[in-house]
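Q: Quick one, fold the following:
(2 chains)
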Amino acid sequence: VARITLNDDKPVLAPRAKKASPLQISRIKRAAMRVQEQPDVEQALVPYGRLEPILGAHSGYFPMFFDPKPVLNELRANFAGVRLADRYEITKLGDTLRIRHKSPISVPGLPSAEVARRALLRRLDLVYGIGPARYAALREVGYSSILDLCEHPGFGRDAVSAYQDWEPFRPSRLCDRLTWRLRGVGHLLSTLLSGLVELEEIVFLDTETLGLDGQAIFLCGLGRFVDGRFVVDQFFAPNIGVEKAMLEQMLAGLAGVKLLVTFNGRSADITWLRGRFFYHRMGSFPEFAHVDLLYGTRRQFIRDRPVLSDGRLPTVQSELLKMARPEHDVPSWAIPNVYDAYTKSRGAEEGLLVPIIDHNRSDIEALVLLLEILAGAALERCQ
Amino acid sequence: VNVEGTLDRLRSGPDYRGQIVHIETLSGRPATFRDPAAPLGEPLQRYLDAKRLSLYLHQADAIDAWRGGDDILLATRTASGKSLAFALCVSESLLESRDATALLLYPTKALAHDQVNSLRAFDSAVGLGARPAAYDGDTPQGARSRIRRDSRIIVSNFYGLHEYLPQAQGLQRFLSNLEVIVIDEAHRYRGILGAHAERVLRRLLRLAASLGARPRFILASATIANPGEHAKALSGRDVNVIDSDGSAQGERTVAIWDSMADPNRSAARQAAAIAANLARQHVPTLVFTGSRVGTELVARWTAQMAPDRKVSPYRGGYSPAERRSIEADLRDGRLDVVVSTNALELGIDIGSLDAVVLTGYPGTIASTWQQIGRAGRAQEPSLGVLVAGDDPLDQYLVRRPHILFSSPIEAAAIAINNPEIMVGHVLCAAAELPVDASAEEPTLGPHLAEVVVELEGDGLLASSAAGYSYSGTFRPASRVRIDGRTRETVEIRANEELIEEMEQPRALKHAHEGAIFLHRGQAYRVLLLDLERHLAIAEAVEVREHTEALVSRDYELGDGELSGSAGKWSMCAGDVVIREWITGYRLFAGNEMVGQRELDLPPIELYTRAVWLRPTVPLGELLERDHDPLGSLHAAEHALIHAMPLLSMCDRGDAGGISVLADRYARIPLIVLYDGYTGGTGITELAFERIDELATIAWDMVSSCDCESGCPRCVYDRSCGSGNEPMNRLGAVRILASLQVRPAASVL
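A: Model prediction:
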């Protein structure tokens, strides 16, 4: 029987070379290549041979399978040699850019503060413990506002607590109460907050990113009314290395803001901003009152009235707002690829950015029009 | 159970051909108890009192070491109460600070969920208020934010962790208070998986450090040769190894069953016959097989041979409810035989059985003991039967069963410094926190400066004052498969079931059309290999045939980063490129070649790691006149490859070899042992460090056989590219002796 003898005089390990050898460099290159070519896990998990039927049924929702090359070719044909400075009002802020648009969008007809306040106070179901049945019963016996309810023996305490969202006015708390208590309808009603703050305190926000999973943000558009004119400021990072500086500029642009309006910002823009603020250790993204128009749109124009064929913003723009999309629009799914092509050209192909800039601005303008429509609808629901 | 009588009845079966070649009886021992140096906190002691539990020696040792501020590793046997030791250490830390959190990582979701249930019970009994929760792919979206907000104990796995780290802002509270990381079954994280796990842990520690946390580790591992070293490779910390197993153990008898003694029935058939025999004797039995198909087949055969007994298969792919009900039937004695994949190897509670049958050597000694350890209730005697199959490693254990019973020789290796693995994790790390290329090389891997420059050139990283940020468009974690699967992976399926996944180079060799390969005692014939769809379709077959691919090879050696000596040989380790062309294959029935076919397949290019050996004296000085030099080198190379799994816990066939009389560089003899995975899994570095032991085992494998010039029990290899020709066993004995510092021949 063999005994396994351990060798006492182990071979000496040669110290590892400081610089990578050519073979090591080639391994690094091959590994970098592999990462880029490797299919995503999700894609790899789709059983082979079953991809096409899946794509056929849901092709609109699986943009990652689309080839961006034709889109890039078309954009290159249309925007080759275009200089941003010739088209837009651009200010250099350190290494980042601010692109300013004076938009033709006019002041929306939003409810006045008094109307919005009275409408929301009528929603007794904002008080903890009041569901649809009790809501109706209380209305029946003469409680018509949360103020009335403050004297109610059972609900008085919770009504007072609810009323404290107004007195003093705390928009973000009221916004949370609306969406927590009333879900879909609450989101729709949250548009009435726009009447409770000054028009100048509302910011319409939309970001452009390198992907949907918390990748870097390279463009942040803020739309705001200044002296009755709608101004869109886009903060732009010409490369991802200056993302943090761009976000800091954007944050400065949010000074004095009380209400954010987005489309799908709850799942997307605001979540991403929180993620990027965390990534850059910039402190927490401020807790604004946030009206996400996606849910109100779904409730009003898909669930309750079948007006829209789906809840995506381009559909809202064409079917509800009857907006003309910018010429040579870039589909949302291709935006990361277009920005990627721009950075790889080391700034030479800045014309590629034109459709992204216009796309972002158009989306922000749509938010103003959509807010006006939804706030009107919300008012009706409080009668 | 009366083990003697049981074995007698196995021997007196009608089909018995003298297969039992070795019986080892390991005496039992009573438990050793001890209290921790300072008493446990009041709620914990109350919990133990209520359960009438006293602490085993190793549990008390663990608590003392943990209190002393150590990172610890528990290396004690299956069912020795490791979970309780974790729970006590974690609770002490969590009771001390009301914000402290703990992360527990388990190799499978089933095991993790099992643990969450017992942790919840523990949590409420102790009043910890830690809300233990599983956080993995099965966690509903709605529950996730609550867990991130409230839970202080999160149970997950490396696959999940790898995905969650790049979007960790939701885990900020949890990570910034992280005080404990528990890794169970640490020895499973070896090779490619181990290298990825190690990278994921580095990322976790880096992120936690940026939030001001420095968690400590509690690891648990099976008994291996290098528990502390492996734990350090994985965690980056020097750990306090606790192996003072104080748990009680019943007398245990292990029989080695040589299935080759009966050439007419496969190892799997014989395992079924043993199980049926034990069932007829009313001995509750668990049979382990290597695949789901094997599980179904062995269960069916067992049921046919013992028709009045209750037999059930158990494997992954069953619904949780089905599995729970089989587990309960097993616990409550309503089943006589359960046939399982290694799904039951891990600590899922199935009570205890009297006998365990292993269909084929499971591949590692650690696994063998974990499987055998499923038998034995309380202090009752139990029986384990290892049915050895017909490859050289199984057959070596038939000749040298002591390897299984002496102190552990196999070590877990991790592929450190593998750029193929490192690069993807650098991207993930850059998506988690900007990377400082000059300061973070110790954390993120060697040649980091070159790596980030390459990635920046590809547009995947962007540099700023804070460091390099991820600037790609895809989700970086989605491109890094921590199980090592790549787009070049081929899935081998039989009846829709995934039998095995191989990297394309290996698939071309072992899973070409017409190939017959063995997977734990079960033979499969490949019907079709579709490289475009990364798929091979195979069928389970009952034949004693096998195929051997014909390969021509070319190799390119890098500059050896490591160099040393091995007996009368010089030795290097480093990068290599192996190019292979599969030209055809031969079909064998037993040892007789019955056919040969040509194949038209693309060439294989493998960038990997290797150890290479050159003699420092003329080969003629090492060999007798009648030893064919190339045959001797070739046989020695095979033996070294066959011995590799015993030292490095790699799978059979993970290593390949080349031997030539005159290499293309120095025109002298050369033996190359290379890693079959792109980039390497760490086994060649381990072979380099332990060459003396490797040569000793290989020498013993070859010299202990009694054949003439080589046979399937010693030096033949089914994946040999040249049809096991030429082959000279006696010459190989000389060469393997000359690779040792003190040749074992003189030691014995």
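Q: Strands along the stretch 351-500 of chain B, start to end?
A: Per DSSP state E, counting those that start in this stretch, the stretch 351-500 of chain B carries strands over the ranges B:355-359, B:382-388, B:461-464, B:467-470, B:489-494, B:497-503.
Q: Check the stretch 201-350 of chain A too.
A: For the stretch 201-350 of chain A, applying DSSP E, counting those that start in this stretch gives strands covering A:202-209, A:217-226, A:229-236, A:259-262, A:289-292.
Q: Could you list every helix and strand in contact with the longest one?
A: Read that as strand A:217-226. strand A:202-209, strand A:229-236, helix A:243-253, helix A:269-279, helix A:353-381 (3 or more CB pairs under 8 Å, 6 or more residues apart in numbering or on different chains; DSSP states H and E). Any C-beta I mention is one placed from the backbone N, CA and C, and that applies to glycine too.
Q: Show me which positions of that strand end up buried.
A: If you call a residue buried by 16 or more other CB atoms under 10 Å in any protein chain shown, then strand A:217-226 has these buried ones: A:217, A:218, A:219, A:220, A:221, A:222, A:223, A:224, A:225.
Q: any low-confidence regions in chain B?
A: Along chain B, segments meeting pLDDT under 70 span B:316-317, B:347-349, B:351-352, B:378, B:484-488, B:520-521, B:590-591, B:744-748.
Q: separation between the residue of it most remote from its centre and chain A?
A: Of all residues in chain B, residue B:465 has its C-alpha farthest from the mean position, at 42.9 Å, by CA atoms, centre = their mean. Distance, residue B:465 to chain A, by CB to the nearest CB, to the nearest Å: 8 Å.
Q: Look up the closest residue to residue B:282, ignoring the ones flanking it.
A: residue B:336 (7.4 Å; CB to CB, 6 or more residues apart in numbering or on different chains).
Q: how deep is the one you found tucked in, by neighbour count?
A: 25 (other CB atoms under 10 Å in any protein chain shown).
Q: Please name the residues that touch it.
A: By CB atoms under 8 Å, 6 or more residues apart in numbering or on different chains, residue B:336 lies in contact with B:279, B:282, B:284, B:285, B:306, B:309, B:310, B:311.
Q: So among those, which ones count as buried?
A: Buried members of these, counted by 16+ other CB under 10 Å: B:279, B:284, B:285, B:306, B:309, B:311.
Q: would you turn those into a markdown table with secondary structure and distance to residue B:723?
A: Output for the buried ones among the contacts of residue B:336, formatted as a markdown table (DSSP: H, G, I helix; E, B strand; the rest coil; distance: CB to CB, whole Å):
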| residue | secondary structure | distance to residue B:723 |
| --- | --- | --- |
| B:279 | helix | 42 |
| B:284 | coil | 46 |
| B:285 | strand | 40 |
| B:306 | coil | 42 |
| B:309 | coil | 45 |
| B:311 | strand | 41 |
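Q: now, which of those sits nearest chain A?
A: Distance ranking of the buried ones among the contacts of residue B:336 against chain A, using CB to the nearest CB, places residue B:285 first at 30.6 Å.
Q: need the contact list for the residue most central in space within chain A.
A: Central residue check for chain A by CA atoms, centre = their mean: the C-alpha nearest the mean position is that of residue A:269, 2.6 Å away. By CB under 8 Å, 6+ apart, the contact list for residue A:269 reads A:205, A:206, A:207, A:262.
Q: Which residue, neighbours along the chain excluded, lies closest to the residue of the stretch 51-200 of chain B found nearest chain A?
A: Distances between the stretch 51-200 of chain B and chain A by CB to the nearest CB are smallest at residue B:169, namely 3.6 Å. Distances taken as CB to CB, 6+ apart place residue A:278 nearest to residue B:169, at 3.6 Å, with adjacent residues excluded.
Q: List, one by one, the residues from the stretch 251-383 of chain A near chain B.
A: A:274, A:275, A:277, A:278, A:279, A:280, A:281, A:336, A:337, A:340, A:343, A:344 (CB under 8 Å from any CB of the partner chain).
Q: re the thing from before, can you list the strands of the stretch 351-500 of chain B in JSON lines and add mean neighbour count?
A: Below are the strands of the stretch 351-500 of chain B laid out as JSON lines (neighbours: other CB atoms under 10 Å in any protein chain shown):
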{"stretch": "strand B:355-359", "mean neighbour count": "29"}
{"stretch": "strand B:382-388", "mean neighbour count": "27"}
{"stretch": "strand B:461-464", "mean neighbour count": "21"}
{"stretch": "strand B:467-470", "mean neighbour count": "24"}
{"stretch": "strand B:489-494", "mean neighbour count": "20"}
{"stretch": "strand B:497-503", "mean neighbour count": "19"}
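Q: May I see the buried residues of stretch B:655-662?
A: For stretch B:655-662, by 16+ other CB under 10 Å, it's B:655, B:656, B:657, B:658, B:659, B:660.
Q: likewise stretch B:716-729?
A: By neighbour count on 16+ other CB under 10 Å, the buried set for stretch B:716-729 is B:716-724, B:726-729.
Q: How about stretch B:435-445?
A: Neighbour-count burial for stretch B:435-445, counted by 16+ other CB under 10 Å, picks out B:435, B:437, B:440, B:443, B:444, B:445.
Q: filter these by proximity to chain A?
A: Okay, of those, nothing touches chain A (CB under 8 Å from any CB).
Q: Okay, and which of those map to helices?
A: B:443, B:444 (DSSP state H).
Q: Let me have the buried residues of stretch B:435-445 in TSV, adding distance to residue B:40 as columns.
A: Shown next, in TSV, are these (distance: CB to CB, whole Å):
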residue	distance to residue B:40
B:435	43
B:437	47
B:440	40
B:443	36
B:444	40
B:445	41
